[in-house]
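Undergrad: model the following, please.
(2 chains)
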Amino acid sequence: MDERVIPWQPTVIAGPKQALLVTPETAEMMIQKAKRPLLVIGPLINDSPAQTLSTKIAEKWDIPMVSTGDAFKSLSEADVQSRAYGLVEIVNLLKDPDWEGLKGDGQHDLVLFVGVLYYMGSQGLSTLKHFAPHIKTLTICRFFHSNADASFPNMNEGEWLKYLEKLAK
Amino acid sequence: MQLIKIYGDILENKSKAKELKDDFWKSKEIKIITGNIVDETQEDVPESAGPTLKPNVTDLREWDMKLLERYEPFYAPFCDMCCLCTYGKCDLTKGKKGACGIDIEAQQARTVLLACCIGSAAHSGHARHLLEYLIDKHGKELPIDLGMNIDIEAPIMRVVLGKHPKNLGDLKDGLNYLEEQMVHLLSACHTGQEGKSVDFESKALHAGLMDNLGKEIGDLAQIVALNMPKGEDAPLVELGMGSVKKEKPIVLCIGHNVAPGAGIIDYMEDQELEDDVEVCGICCAALDITRYNSRAKVVGPMSKQLKFVRSGVADVVVVDEQCVRTDILEEARKNRACVITTTDKICLGLPDMTHADPDIIVRKLVNDEVEGVLIQDPDKVGEVATRVALKISKERKSIKKLPNLEEIQEMSKECTQCGWCIRVCPNSLNMKEAVEGAMESNFTKFQELYENDVCYTCGRCEQECEVDLPLISMLTKVGEHYVKNEKYNVRAGRGPVQDVEIRRVGAPLVLGDIPGVIAFVGCSNYPEGADDVAKMAEEFLERNYIVVTSGCGAMSIGEYRDEEGKTLYERYSGDFDAKGLVNVGSCVSNAHIPGACIKIANIFAKKPLEGNFQEIADYILNRVGACGVAWGAFSQKAAAIATGINRWGIPVVVGPHGTKYRRLFLGRADKTEKWRVNDLRAGKVMEGEPAPEHLLYAAENREEATVAIVKLCIRPTDTTKGRQIKLNNYIDLHKKYFGTIPHDIYKFVRTEKDIPITYKKEVLKILEDDEWEPKAILQEPSLMDFKEEIVSGGK
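TA: Coordinates of the predicted model:
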């Protein structure tokens, strides 16, 4: 069980602060509580069932989406709207408390990450951990991210898809 | 006869007369004043010299702050703590400060400065080694002569020191200056010194500039003293693991300093052994040896290091400095290869036999009396390495170096399928799957990891394996067996860009007709294999960009073939012109890339160089559409290279691993006030454009990087024709990789004439939706001298 909460790439452990391990139920509570959530979706899940489930989660909770890398094209082809930003660009905007947010109604208070390159995502989460106290971060990848505020554990593909299905229902 | 005078205003030493014995010196009115002796025939610094000759640590701070205001540092801490002093470890999370008072931002910037100091010192230490050796060999009077087509022989040195080096001895002044600067910069990292992140960053930028200078000195010295190509077309040389003739005795050079490799070539030529012994190299030493003698072979970038050494092909491994595996001795000894270390940077606990008789050294190595030796004399290295290779090669051929395929299958069955090989891999590559396949005698997945250096053989998987499977040896064997035709080519490094080439391309580059200069530099820490770099280079070559390359990037580009089996070096010329693929050489040759941009400012725009850093950098930032790409940057040297390039106003894109450097320089296109410029011709402050939008940017994958790079070549002074070309590329590539016209296109359209004809209708629709209004085209934008607050935007 311990292996589920050791960061997927173990050496990204940065210090004493570790993410909270969450289940789909806890993740749902976090989303419900948020006023202006955002989903950042990366290219690792292009054209996959995980991408479909992630967009369903966004649809269910009316969460605007930012696509990173070249995920925009894959989403567009699936008729899913997103706004393309580089991962470091969106993180840079998120750390600014005065940014107007994707919809122009104010900075986001919860950001979900999925499908972003693991170690780069970890660096982005570190930025938000240190410099964006106004934001909570939640990763719904199949890898445990210690730099997030809350994260799914390390899982195999099948278990992860079940987690995403629960969150999308 | 030369006139000599003594200047007393430099260093005044009033000697005490009574300490001197001769009566003459007892005269009361005599003062002895000493100072530097100046040769008046030496060219003086011109009266027009700018304000920053030999800038000290804070002399370019004003320029740095201008850059940092527009491109604010973006920090991604790799570690939440500081563990540099015994107060620590200090936890810097949640806004907490360490025991010394440092906060997380300053600590990141401090770490970046430290990395830049290390990187810069590596290049400059290398340059110092090389220069002293070459002066010793050829004399300090050896002229710096780059031929008829290059007058500006050392653009960086001219700007920074105001000096036109005439001979090898003159280059020492540059090293003396930068070594002093480096001491101050490194000292600022000590606990209780600098405390603000922006000032750490200013110092990092200074370390980067010193890195530029050190590299220029190192490369100039080796070009003139070793008669390397001087900006002229260079030959194609053989590249790839398959290019090495395994039946011959083989000497492998790893690292960056050409001197030992040149010593080997010289000895072989003197003894007429060129056809009897094979000399090959890995990393920049390989590139520089081929600049010295094109018969040498380039095995490839540093990603080949472990697998080539494991293959046991090399009889003698000669290492010099930088990017050498620190366990090279252990790895080489696994198959009884001899190791010779050659500089004070890498001694590996070996006996120093620099002054020993070569016969004795050869005997000790051949008889295994020593594991290896340290020889800090390149000529002696040449003799010993060659003789040892000749003696041990035959016997070593019978040593079994790698497991055979049947053994790999058996070993694979030991795998516990724990999966930790995947988790510790920097790119999370699926080594477990490859091993599972091998259990069934299916080596396809191993083969996929081997090809294109998808696995760059760092060896972390082996370290983690709970049953100690030799995974890299298994990978190497599979590659050796299945991957055929690993023979490619690379154009030997040509060194600097010629002044005549700058005259030819200066105008089209500044006006935008040639859409940009894109430089692929740096190491091989690629996220998805080496061919990503070549594919990007190909994309830009097809679109008329000038593509420059160096180091491991240059080798990775050479390892890619098109459908007809041709490499990019075979398809494109080595001219510094549109569709030119210019390999400048090794890491130290990177200096020629900012050097070319500086020459554009001087030759095309007539900007004086000497002591004029800010004006030159301001010009480059606003007018020269250049962009660096360090897709596989991993080292501290790469940090120094990128930071140095940034200070000249040239943006750099790094791969995703680049975020681990902890700091990027990102612009905010949504904040219009950040992009205001002083239009010197209009005489007022104007609304500008986010061009270039970022100064140091990390992309997640090749597709994102490709689009980002073309965008970063846009400059405020592009003509409408030039802007059309650049926007056409931006839209084309965005459509290719993202499927649409970029949402921020309106930010780069100043007038309707900027819109590429092919996309006019679609872009006009976007402009209409964004309530776009035409903007004035800036004539002479500058970040300096904001004397008024009036901001003018529209026409």
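Undergrad: and the closest residue to B:T111 other than its chain neighbours, how many neighbours does it have?
TA: Excluding the flanking residues, the one nearest B:T111 by CB to CB, 6 or more residues apart in numbering or on different chains is B:R662, at 5.9 Å. All C-beta spots, glycine's among them, are computed from the backbone N, C-alpha and C. Neighbour count for B:R662, taken as other CB atoms under 10 Å in any protein chain shown: 24.
Undergrad: which residues touch B:R662?
TA: By CB atoms under 8 Å, 6 or more residues apart in numbering or on different chains, the contact set of B:R662 is B:75-78, B:108, B:111-112.
Undergrad: among these, which ones are in helices?
TA: Taking DSSP state H as the definition of helices, those contribute B:108, B:111-112.
Undergrad: before we move on, back to that, what pLDDT does the model give the residue nearest to B:T111?
TA: If you check B:R662, the pLDDT there is 97.
Undergrad: B:Y7 now?
TA: 37.
Undergrad: how about B:Q42?
TA: Per-residue pLDDT puts B:Q42 at 48.
Undergrad: just B:F520 next, same as before
TA: 98.
Undergrad: now do the contacts for the closest residue to it other than its chain neighbours.
TA: Of all residues not flanking B:F520 in the chain, B:G553 sits nearest, at 4.0 Å (CB to CB, 6+ apart). Going by CB under 8 Å, 6+ apart, B:G553 touches B:301, B:520-522, B:533, B:629-632.
Undergrad: mind doing that once more with 10 Å?
TA: Contacts for B:G553 (CB atoms under 10 Å, 6 or more residues apart in numbering or on different chains) come out as B:301, B:519-524, B:526, B:530, B:533-534, B:537, B:583, B:590, B:629-633.
Undergrad: and these, which of them are buried?
TA: B:301, B:519-524, B:526, B:530, B:533-534, B:537, B:583, B:590, B:629-633 (16 or more other CB atoms under 10 Å in any protein chain shown).
Undergrad: so what's the residue of chain B found nearest chain A up against?
TA: When distances are taken as CB to the nearest CB, chain B reaches nearest to chain A at B:D80, 2.9 Å away. B:D80 makes contact with A:13-17, A:126, A:129-130, A:147, B:89-94, B:96, B:104, B:107, according to CB under 10 Å, 6+ apart.
Undergrad: and it, its phi and psi?
TA: In terms of degrees, to the nearest 10, the main-chain angles of B:D80 are phi -80, psi -10.
Undergrad: shouldn't B:K484 be in contact with B:Q447?
TA: No. Counting by CB atoms under 10 Å, B:K484 does not reach B:Q447; the two are 11.0 Å apart.
Undergrad: neighbour count: those two, which is higher?
TA: More neighbours surround B:Q447 than the other of B:K484 and B:Q447, with 17 against 8 (other CB under 10 Å).
Undergrad: pLDDT weak spots in chain A?
TA: Where chain A drops to pLDDT under 70, the residues are A:1-2.
Undergrad: Provide a list of residues in contact with the residue in chain A positioned nearest to chain B.
TA: Closest approach between chain A and chain B, counting by CB to the nearest CB: A:G15, at 2.9 Å. Each residue near A:G15 by CB under 10 Å, 6+ apart is listed here: A:126, A:129, A:146-147, B:77, B:79-81, B:89-93.
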